[in-house]
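> sequence and computational prediction follow.
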Amino acid sequence: MWFTTWQAALSTLLTVLVGLPGAYVFARYVFPGKPLLEALFTVPFVLPTVVVAVAFTALLGPRGWLNLALMDLLGLARPPLELQGTLTAILLAHVFYNAVLVVRMVGTQWANLDPALVEAARMLGANRWRAFREVTLPLLGPSLGAAALLTFVFCFTSFGVVLILGGGRYATLEVEIYYRTVYLPNLPLAATLALVQILFTFALMTVYTRLQTRLAVPQSLRPRRVTQRRPRALAEWALLTVSLLPLALLLLAPLGALLERSLTVGDGGLAAYRALFSDPGGSLFYVPPLAAVRNSLLFALATTGLALALGLPAATAIAGRGRERAPLSRLLDPLFMLPLGTSAVTLGLGYIIALDEPPLNLRTSPLLIVLAHTLVALPFVVRAVLPALRSIQPALRETAAVLGASPWRVWQEVDLPIIGRAVAVGAVFAFTISMGEFGATSLLARPEFPTIPIAIYRFLGQPGLSNYGQALAMSALLMLVCALGFVGIERFRGEF
């Protein structure tokens, strides 16, 4: 319990420190390649844990990129860095996974803050640091708190990263539950630990939601065409480079190592990719890559639509518009976060148990996968949209109502344009989670509806270098499909 808590806190702190400069740059500047970088920075969030372990091994392992480069540079006979099985590897992987939460959530709100507030503080004598500490940071509090909370919960419930990269030396509660279920059978203890984990995360979410309600204040939000511009001076280009370079190295280097390994494994070149489209042995476990991509995209699009359809009303109800909704808000806010504190496998099992009898017997229906993905994605949509809703000036709604607008028209023509960018961020996370979700899908997916993560798992579960190469090639295909999907979603966002 102690290790689970402090490693999650340390991982969260490192993630915020690494992601905050990137959030500022994406919020305030327009530069060549920005949409592509935003898409690539989101890709790590979708990768299965096993694939991330392979990527970090290819980058930091004894024969990884970094050690080989240092050996050539320093003329060493042995790898100078031994990071496998260390806490450093776990922390790096956690930052790799979660940095996009800070970049996306904080950057979205930062992009709409009125620059005149900081300019007024500077004219009154505040230096840059004081203006950031006393003006910008309090206004970013709700979105920064949301990103930090999600990061902490993910690291607190971390399983695959700790199990694979920790080398058996470390155990979170999730890993200990796994050990007590599989290797050291003690199901009552495993169930108790699972309940402790859920109660701890729920208590944390309750405290956080109360705090976020107090931090949220109405703001005069500005569109991106007012707040964003191209870097003008050499110092601004230097700031952009210094802010993005550490983030780019941490997020893109493992992805590059994964791509390189997929092109060099086995016969090298495109052999692993060509093998994806052939089944010479007539294996029953063969998954056509186009079918897996099609299934993943259909599930992801359906999940995104359903998560937005449920998440926007939920966020509106939580945000409230008067004192009469305060008790409901205090109850619903942590309740909608509860799926994050529960294992995805447990959620999938819950759906099987709950929806296995008429009139809702969905055990054989693909709709069950969409429902499970939506349950996991819903908290992200709510957390992305809620800070934007709470920052809307009440006078805007009141003015529209005085001019004769109905409540629906007020929401449609006042609220929705202002929160449009936050809705796009929520859509990106819903799409991402559905594309990369494995735990619940492994229980719910029928053989005729494999997804890309299921195909990767099947390849890794079979012996042979060829299957390993196909798993890497399928992982690269997952990265490509997700990057294209992110770019497409970004094109549909509004001016805000």
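Noted; the coordinates are in hand.
> what's the nearest residue to Pro115 if we skip its chain neighbours?
In space, Pro115 comes closest to Thr227 once its chain neighbours are excluded; the distance is 5.8 Å by C-beta to C-beta, 6 or more residues apart in numbering. Glycine gets a C-beta too; all of them are placed from N, C-alpha and C.
> what segments of the stretch 201-350 of the chain are helices?
224-227, 234-264, 271-275, 289-319, 326-337, 344-354 (DSSP state H, counting those that start in this stretch).
> which of the ones you listed is buried the deepest?
helix 289-319 (a mean of 20; mean count of other C-beta atoms under 10 Å).
> still on that earlier bit, could you dump the helices of the stretch 201-350 of the chain to TSV with mean pLDDT and distance to Ala147?
Formatted as TSV, those follow (pLDDT from 0 to 100; distance: least, C-beta to C-beta, whole Å):
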stretch	mean pLDDT	distance to Ala147
helix 224-227	74	19
helix 234-264	86	14
helix 271-275	81	36
helix 289-319	88	16
helix 326-337	71	13
helix 344-354	71	20
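> between those, which gets nearest to Pro142?
Among those, helix 289-319 comes nearest to Pro142, with 10.6 Å by C-beta to C-beta.
> could I get the helices of the stretch 201-350 of the chain as JSON lines with distance to Gly168?
Formatted as JSON lines, these follow (distance: least, C-beta to C-beta, whole Å):
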{"stretch": "helix 224-227", "distance to Gly168": "48"}
{"stretch": "helix 234-264", "distance to Gly168": "22"}
{"stretch": "helix 271-275", "distance to Gly168": "29"}
{"stretch": "helix 289-319", "distance to Gly168": "32"}
{"stretch": "helix 326-337", "distance to Gly168": "31"}
{"stretch": "helix 344-354", "distance to Gly168": "21"}
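> so which of those helices gets nearest Arg409?
Using C-beta to C-beta, those put helix 289-319 closest to Arg409, at 14.3 Å.
> so which elements touch that closest one?
helix 326-337, helix 367-390, helix 420-436, helix 452-460, helix 465-491 (3 or more C-beta pairs under 8 Å, 6 or more residues apart in numbering; DSSP states H and E).
> Leu389 contacts Thr316, correct?
Yes - Leu389 is in contact with Thr316 according to C-beta atoms under 8 Å; the separation is 6.4 Å.
> overlap of the contact sets of those two?
Shared contacts of Leu389 and Thr316, defined by C-beta atoms under 8 Å, 6 or more residues apart in numbering, are found at Asp415.
> now the host helix or strand of Ala120: how far from the chain's centre is it?
Using DSSP states H and E, the element containing Ala120 is helix 115-123. Distance of helix 115-123 from its chain centroid, counting by C-alpha atoms, centre = their mean, to the nearest Å, is 33 Å.
> pull the residues that contact it.
Counting by C-beta under 8 Å, 6+ apart, 128, 130-132, 134-136, 139, 222, 226-227 sit against helix 115-123.
> who's in contact with the helix or strand that that helix is followed by?
Next helix or strand after helix 115-123 toward the C-terminus (DSSP H and E): helix 128-131. Around helix 128-131, the neighbours that count as contacts under C-beta under 8 Å, 6+ apart are 118, 121-122.
> quick one, which of those residues are buried?
For these, a burial check counting by 16 or more other C-beta atoms under 10 Å picks out 118, 121.
> out of the contacts of helix 128-131, which comes closest to Leu187?
Looking across the contacts of helix 128-131 and measuring by C-beta to C-beta, the closest to Leu187 is Val118, at 55.9 Å.
> okay, the closest one and Arg390: tell me how far apart.
21 Å (C-beta to C-beta, to the nearest Å).
> can you name the two of the contacts of helix 115-123 that sit furthest apart?
Arg130 and Val226 (23.8 Å).
> now, among the contacts of helix 128-131, which is nearest to Ala292?
Checking those one by one against Ala292 (C-beta to C-beta), the nearest turns out to be Val118, at 47.7 Å.
> can you pull the pLDDT of that closest one?
Listed pLDDT for Val118 reads 85.
> any idea how far it lies from Asn127?
Distance from Val118 to Asn127, by C-beta to C-beta: 11 Å.
> try Gly469
55 Å.
> what's the answer for Asp267, then?
Distance from Asp267 to Asn127, counting by C-beta to C-beta: 60 Å.
> okay, these two: which has more neighbours?
More neighbours surround Asp267 than the other of Asp267 and Asn127, with 13 against 10 (other C-beta atoms under 10 Å).
> for that one, what are phi and psi?
phi -80, psi -10 (degrees, to the nearest 10).
> state the pLDDT value of it.
In this model, Asp267 carries a pLDDT of 74.
> with Pro387 instead?
Reported pLDDT for Pro387: 80.
> same check, this time on Ala58
76.
> surely it touches Leu263?
No - using C-beta under 8 Å, Ala58 is not in contact with Leu263; the gap is 11.4 Å.
> the residue nearest to Tyr179 when sequence neighbours are not counted: what secondary structure?
Spatial nearest neighbour of Tyr179, excluding adjacent residues (C-beta to C-beta, 6+ apart): Ala171 at 6.9 Å. Of the three states, Ala171 takes coil according to DSSP: H, G, I helix; E, B strand; the rest coil.
> against Leu396, how distant is Ala171?
Counting by C-beta to C-beta, the gap from Ala171 to Leu396 is 51 Å.
> what's the answer for Arg458, then?
For Arg458 relative to Leu396 (C-beta to C-beta), the value is 52 Å.
> ok, these two, which is more surrounded?
Taking neighbours as other C-beta under 10 Å, Arg458 and Leu396 compare with Arg458 leading, 19 against 16.
> how far away is that one from Leu193?
30 Å.
> so Ala400 sits right up against Asp415, yeah?
No - using C-beta under 8 Å, Ala400 is not in contact with Asp415, being 9.6 Å away.
> look up how far Tyr208 lies from the residue nearest to Thr206 when sequence neighbours are not counted.
The shortest distance from Thr206 to any non-neighbouring residue, by C-beta to C-beta, 6+ apart, is to Pro334 (4.3 Å). From Pro334 across to Tyr208, the span is 8 Å (C-beta to C-beta).
> Asn467 now?
Relative to Tyr208, and taking C-beta to C-beta, Asn467 is found at 43 Å.
> again, but for Leu76
47 Å.
> can you check Asn98 too?
16 Å.
> and what of Ala395?
In terms of C-beta to C-beta, Ala395 sits 28 Å off from Tyr208.
> and if you look at Val100?
In terms of C-beta to C-beta, Val100 sits 20 Å off from Tyr208.
> now do Ala384
Between Ala384 and Tyr208 the computed distance is 15 Å (C-beta to C-beta).
> what is the burial count for Pro138?
12.
> quick check: it vs Leu117, distance?
10 Å.
> next one: Cys155
Counting by C-beta to C-beta - Cys155 and Leu117 are separated by 33 Å.
> which of those two has more residues huddled nearby?
Counted by other C-beta under 10 Å, Cys155 and Leu117 do not tie: Cys155 has more neighbours, with 28 against 16.
> what packs against the helix or strand containing Cys155?
Secondary structure from DSSP H and E places Cys155 in helix 137-156. In terms of contacts (3+ C-beta pairs under 8 Å, 6+ apart), helix 137-156 is packed against helix 2-28, helix 87-110, helix 187-215, helix 367-390.
> now find how far off-centre it is within its chain.
Worked out by C-alpha atoms, centre = their mean, helix 137-156 lies 12 Å from the chain centre.
> packing partners for whichever helix or strand comes after it?
Next along the chain after helix 137-156, taking DSSP H and E as the criterion, comes helix 160-165. Applying 3+ C-beta pairs under 8 Å, 6+ apart, we find helix 160-165 packed against helix 49-60, helix 87-110, helix 173-182.
> alright, I will stop here.
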